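>>> Test case, fold it:
(2 chains)
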Number of protein chains: 2
Amino acid sequence: MTIADLRAAHGETLGAAIKANSERTFHAHWPEPPSGKIYGETANDDGLAAFQGQLHKKFDRISPEEKWVGEEKSPYGFPLDISYPQIGVDELVARASDAQTAWQSLSPEDRAAILVEALERGSQKFFEIGYATQHTTGQGFVMAFQASGPHAFDRALEATAMALAAQTSFVQNVLWTKPMGKISVSINKTYRIVPKGINLVIGCSTFPVWNTVPGMFAALATGNSVIVKPHPGAIYPIAILIAELRDIFSSLGLNPNIIQLGVDTIAHPITLELLQHPAIRVVDYTGGPHFGTIVEQECAASGKTVFTEKAGVNCVILDSTHDLDKSIENLAFSLTLYSGQMCTAPQNIFIAQDGMLVNGERVTVEQVASKLSEKIDALVFHEKAGGSTLGAIQNPATALRIQEVRDLKLQIIRDSEAIAQPGFDEARTFSPILLGTDVGRADVYTKEWFGPISFLISTESFESSLAEVVQSIHEQGALSVLVYSTNEALMQQAEDAVVNAGAPIAFNFNSFVWVNQSAAFSDFHGAGCNPAGNATFADWSFVTNRYNVIGVRKQA
Amino acid sequence: MTIADLRAAHGETLGAAIKANSERTFHAHWPEPPSGKIYGETANDDGLAAFQGQLHKKFDRISPEEKWVGEEKSPYGFPLDISYPQIGVDELVARASDAQTAWQSLSPEDRAAILVEALERGSQKFFEIGYATQHTTGQGFVMAFQASGPHAFDRALEATAMALAAQTSFVQNVLWTKPMGKISVSINKTYRIVPKGINLVIGCSTFPVWNTVPGMFAALATGNSVIVKPHPGAIYPIAILIAELRDIFSSLGLNPNIIQLGVDTIAHPITLELLQHPAIRVVDYTGGPHFGTIVEQECAASGKTVFTEKAGVNCVILDSTHDLDKSIENLAFSLTLYSGQMCTAPQNIFIAQDGMLVNGERVTVEQVASKLSEKIDALVFHEKAGGSTLGAIQNPATALRIQEVRDLKLQIIRDSEAIAQPGFDEARTFSPILLGTDVGRADVYTKEWFGPISFLISTESFESSLAEVVQSIHEQGALSVLVYSTNEALMQQAEDAVVNAGAPIAFNFNSFVWVNQSAAFSDFHGAGCNPAGNATFADWSFVTNRYNVIGVRKQA
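The predicted model follows:
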């Protein structure tokens, strides 16, 4: 297998991805159903066996080291007991530096083809990645399969395609001839893509693949060598893909340290030391806002490029609808899916004190509250789908947070309870808690309550609700805003206010699309201009800020 | 005149510019010769009359204000005595904010067409702009005409075209339909370009148009309102173009404060106060490295986007050539043009102690030194072209710097002298001073000596010269590097080392292209990845970091 073979094999995939990024219609290179018909009849069994075979063992698909660490625990109630080779910060950086030169000397087309090959091979392990994700993040299996498999890989392909398109948007060489009256002068020009340097990608515990691969592939595609520093609680899923990449690099005669796994532990974190290393030039960060702000400040002070997805407070406005059941069902699903542990999940639901208008009739706040409670119940207690929709709670701190909000003595519209996860009696589970309050308790709801915690907040009017949302975007940031209204004028008012405040907005979702989902090749994820983060998957800035273009001119 | 008319009128110009940015062959929308045949037989006389008519008067092409300031002095020896309306910082920002909403609501195509119209109208005043530039910067007239006229306007068009291409690289609306087995779900999506906010463009005294318009037009094209803060010594040239823009905005019913002129004085500068204003979101800066670093730090600390072109120390390596005369002539011109006051002009010329190889024969360092001195003399004392090539010295501090370097008691290969500028007996003029030294005096030459000051530095070998250049790029930054060598292996070695250090490189220039020139639509100006600045005219980052893309999704 040569790089030329890979270019031939994956040219069409890349071309289709570039076209999709431009047209933004539905596009998915990897189908989302975890189906044997698509991925092979034994794919699930093979993946489960690989997962089970990995438990209680060293992860030996990456070059061994002297030191091994690992402390992943399944939120479903058992330790994974997998250990990973650990490399010191200076050594990680030294190896990344050694690998850089050869990688950056490849053409953008060569790099992109190699990356697609890695994704294609990685996709053969979607089921193992799915189980690894389920038992690190707590996601239900189907969600884990999709979020870390096809959806994540499509985001990786999206970033790779954007990077390829940007780098090849102008010629690499040209003979420039300037006419000067009777004479002319010619210069041979070459434009060289020079990556900024080593890219550090800091992962999170809830989406260890989906949130890591966009920065990782954007960095690799633009010629940077990459160190991935996963959350110590969710290493396994991304380690599988990193091992695939390293194998391919080695088989092509390239240095496998173009991509490295830099693991640490909760007790001895290495993230700050890594990002303060002067040879680290670009940082991608997904995680909590507090540490994220430190990352941003460190990078700003040292002139590093930084892409962050922190978190915000996502808001909903309930104004009017033609179909209350479908609307509230859709909202209930967004609150329930993965027990509210998505950075895009709604938290604050604003409703005017005179309730919602449903086909011309007023429905009171109380009626909406009980409808929402009822729809959450229907999902939570759904015999077949309840457990897999909710999944388990990744972090014990989330459990404490539920008790904390319960103790505030607000109205509890719906309380949280443990749910059954058949086969996993020790699973840490909590269904959504929904609290009722009004704008008098802004002290409570104007901060992020990560997890299955949401507030139904009554306001004076639609305008008051919108003002609350705009202020919230400015102060806490947001990754999503959802509005239910049938009033065109109010919709336009909300759209202008929310977009100008710097957050994306969705209207009237009532079907099989939810506000917490964003689709690769179509939805830009993260507005990049509010406190929830400065990055957008995958706009031009997300790829073009990772390299410079430097000209070479020779007298012809 | 409507915006639709402008789109029809300028669509072809923009299309050709977008194509040129991609193909990077020679392209010039405005011809560079200051010729009556191109710009009209009376254009020069009209421009000179306009210039002379403006002297000693208020600049009344912009809305009048209570306060007027102005202290421009011609380096050719007379005060311009023009005053400009002055607006306080808070008022400038308030007006810019008011103007923002309507401007950002226009489509990228509309904005680009309006901007091209402003450039076309501004180009009718190239001669006045040329005289205004000559008598603020000290450039000779032909250079002033070209640098602030066609060359600058081509850079403005280049940035406008890049911005248009980036913003229109994906659809603005799409009906997204996701197939889901037997059913499907559809969402209407809109992608809105949201400018980051008010853009401050800080100009410099030597290239008040060329260095200002790229950021100014990139900002305007991406929907930002703009405040231009010119150097108090060089307001007039850019004020002409700003007045044209404001006239067009007004005539289209738009708020003229989309672009504003924010003037100050040396005694009471407003730059820091402006850039610290929280409503300023993007800053473009051209000027000295010391204040530039302050600008970068202020912006980093407050989360603002910043584009800088500071300055560096530009280096040359002399190794070998087939034509010593032509090579040294080319270098001499780069040192002499505008008395070395270009940020791209060479300063440190490294040569191995065994001299240069010329067609197989050794030419000693002394011979090269005297050849270079002789070629500078030929330019300086050229009866017709000498004065206009050198121009005058913009800043009295440059004159002091020449005395300072003279006092260091290095070998003076060629001393600086005043030259005649016929008609301007009081002109401040200095021809190039060339000093000879070796690497023992790195304390002297490893800093910027702005002005007509250069060093011929002997080293052990080509490799030593290259090592000096690489270190200089890392520590002082560079906007250009020039190497003379006929040895392919050494050329490749130099190319790799210099490009990876983060600077552009040129080889063997011996004709009518000089290392201090960069051509719009072809040469990326400013590598963006060394201490000389973080901006590149005009790569993708230069335009895409000025806005975000925000999605609006509606259930279909």
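>>> Which residue does the stretch 351-500 of chain A have closest to chain B?
Nearest residue of the stretch 351-500 of chain A to chain B, counting by CB to the nearest CB: A:Val499, 4.9 Å away. Yep, even glycine has a C-beta here, placed from its N, CA and C like the rest.
>>> List the contacts of that residue.
A:505, B:192, B:194, B:550, B:552 (CB atoms under 8 Å, 6 or more residues apart in numbering or on different chains).
>>> For those residues, work out which two are farthest apart.
A:Ile505 and B:Val194 (11.8 Å; CB to CB).
>>> which residues are in contact with both of those two?
Contacts common to A:Ile505 and B:Val194, judged by CB under 8 Å, 6+ apart, are A:499, B:550.
>>> More neighbours: which of these two?
Applying other CB atoms under 10 Å in any protein chain shown to A:Ile505 and B:Val194 shows that A:Ile505 carries more neighbours, namely 29 against 20.
>>> quick check, the residue of the stretch 351-500 of chain A closest to chain B in a strand?
No: counting by DSSP: H, G, I helix; E, B strand; the rest coil, A:Val499 is not part of a strand but helix.
>>> Go ahead and name everything in contact with stretch A:245-252.
Here stretch A:245-252 has contacts from A:1-3, A:61-63, A:114-115, A:117-118, A:121, A:220, A:255-259, using CB under 8 Å, 6+ apart.
>>> The same query, at a cut-off of 10 Å, please.
A:1-3, A:6, A:61-63, A:99, A:102-103, A:106, A:110, A:114-115, A:117-122, A:216-217, A:220, A:226, A:228, A:254-261 (CB atoms under 10 Å, 6 or more residues apart in numbering or on different chains).
>>> For A:Lys554, give the beta-bridge partners.
Taking DSSP bridges as the rule, A:Lys554 bridges to A:Asn188, B:Phe507.
>>> Could you check how far it is from B:Asn510?
11 Å (CB to CB, to the nearest Å).
>>> Please identify which of the two sits among more neighbours.
Between A:Lys554 and B:Asn510, counting by other CB under 10 Å, B:Asn510 is the more crowded of the two (20 against 17).
>>> give me every residue that touches the residue sitting nearest the centre point of chain A.
By CA atoms, centre = their mean, chain A has its centre lying nearest to A:Asn211, at 3.0 Å. Listed by CB under 10 Å, 6+ apart, the contact set of A:Asn211 reads A:147-148, A:152, A:155, A:201-204, A:231, A:238, A:284-287, A:309, A:343, A:525-526, A:537.
>>> Next: A:Ile317.
A:Ile317 neighbours (CB under 10 Å, 6+ apart): A:348-352, A:459, A:462, A:465-466, A:468-469, A:481-485, A:490, A:494, A:498, A:505, A:507.
>>> before we move on, which element is it in?
strand A:314-318 (DSSP states H and E).
>>> For that strand, which strands pair with it and how are they oriented?
Here strand A:314-318 has these sheet partners by DSSP bridges: strand A:346-352 (parallel), strand A:481-484 (parallel).
>>> Now do the contacts for A:Asp539.
Contacts of A:Asp539 by CB under 10 Å, 6+ apart are A:21, A:162, A:524-528, B:166, B:169-170, B:191, B:544, B:547-549.
>>> ok, now A:Thr536?
Contacts for A:Thr536 (CB under 10 Å, 6+ apart) come out as A:214, A:307, A:309, A:504, A:524-529, A:542, B:548-551.
>>> Name the nearest residue to it, ignoring sequence neighbours.
In space, and not counting its chain neighbours, A:Thr536 is closest to A:Gly528: 4.2 Å by CB to CB, 6 or more residues apart in numbering or on different chains.
>>> Verify the stated contact: A:Gln146 with A:Phe127.
No: A:Gln146 is beyond contact range of A:Phe127, at 11.7 Å (criterion: CB atoms under 10 Å).
>>> Tell me how many other residues crowd A:Lys57.
Using other CB under 10 Å, A:Lys57 has 12 neighbouring residues.
>>> ugh, typo on my part, it should be A:Arg441
A:Arg441: 15 neighbours (other CB under 10 Å).
>>> now do A:Val142
The number of residues packed near A:Val142 is 17, by other CB under 10 Å.
>>> Can you check the pLDDT for it?
Turning to A:Val142, the model gives it a pLDDT of 97.
>>> Where does the stretch 251-400 of chain A get nearest to chain B, residue-wise?
Of all residues in the stretch 251-400 of chain A, A:Ala300 sits closest to chain B, at 3.8 Å by CB to the nearest CB.
>>> Then that residue would be within a strand, right?
No: with three-state DSSP as the criterion, A:Ala300 is located in helix rather than a strand.
>>> And A:Leu261, how far from A:His277?
16 Å.
>>> Pull up the residues of the stretch 201-350 of chain A that are close to chain B.
Contacts of the stretch 201-350 of chain A with chain B, taken as CB under 10 Å from any CB of the partner chain, map to A:281, A:296-297, A:299-305, A:326-327, A:330.
>>> For ChimeraX, write a command that selects the buried ones of the residues you listed.
Restricted to buried positions by 16 or more other CB atoms under 10 Å in any protein chain shown, the ChimeraX selection for those reads:
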select /A:281,296,299,300,302,304,305,326,327,330
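>>> now, which of the residues of the stretch 201-350 of chain A next to chain B sits nearest B:Asn516?
The shortest gap between B:Asn516 and any of those belongs to A:Gly303, at 26.5 Å (CB to CB).
>>> Now name the helix or strand holding that closest one.
With DSSP H and E as criterion, A:Gly303 is part of no helix or strand.
>>> where does it fall, phi/psi-wise?
A:Gly303 has phi and psi values of phi 70, psi 30 when expressed as degrees, to the nearest 10.
>>> got a list of what it touches?
Contact analysis of A:Gly303 by CB under 10 Å, 6+ apart lists A:278, A:281, B:296-297, B:300, B:531, B:534.
>>> what does A:Ala43 give?
Contacts of A:Ala43 (CB under 10 Å, 6+ apart): A:34-37, A:124-128, A:130.
>>> looking at these, which has the most residues close by?
If you count neighbours using other CB under 10 Å, the busiest of the contacts of A:Ala43 is A:Gly130, which has 28 neighbours.
>>> Hmm, it is touching A:His151, no?
No: between A:Gly130 and A:His151 there is no contact under CB under 10 Å: 11.3 Å.
>>> what's the spacing between A:Ile505 and chain B?
For A:Ile505, the distance to chain B equals 5 Å [CB to the nearest CB, to the nearest Å].
>>> Give me whichever of the strands paired with strand A:314-318 is most buried.
Of all the strands paired with strand A:314-318, strand A:481-484 carries the top mean neighbour count, a mean of 28, counting by mean count of other CB atoms under 10 Å in any protein chain shown.
>>> average pLDDT for it?
Mean pLDDT, strand A:481-484: 98.
>>> In helices only, show me the contacts of A:Asp539.
With helices taken from DSSP state H, the overlap with the contacts of A:Asp539 comprises A:21, A:162, B:166, B:544.
>>> Out of the residues you listed, the closest to A:Leu337 would be?
Closest approach to A:Leu337 among these (CB to CB): A:Asn21, at 26.6 Å.
>>> What distance do you get for the closest one to B:Asp539?
Separation of A:Asn21 from B:Asp539 (CB to CB): 19 Å.
>>> show me the contacts for A:Ile280.
Contacts of A:Ile280 (CB under 10 Å, 6+ apart): A:89, A:92-93, A:96, A:196-200, A:227, A:274, A:299, A:302, A:304.
>>> In helices only, show me those.
Counting by DSSP H, those contribute A:89, A:92-93, A:96, A:274, A:299 to helices.
>>> Which of those residues sits closest to B:Gln411?
Once CB to CB is applied, the member of the ones in helices among the contacts of A:Ile280 that ends up nearest B:Gln411 is A:Val93, at 43.9 Å.
>>> Please verify my assumption that the closest one contacts A:Leu275.
No: using CB under 10 Å, A:Val93 is not in contact with A:Leu275, being 11.0 Å away.
>>> now the strands for the stretch 1-150 of chain A?
A:67-69, A:73-74, A:78-79, A:84-86 (DSSP state E, counting those that start in this stretch).
>>> Sorry, slip of the keys, the one I care about is the stretch 251-400 of chain A.
A:259-261, A:280-286, A:305-309, A:314-318, A:320-321, A:346-352, A:356-358, A:361-363.
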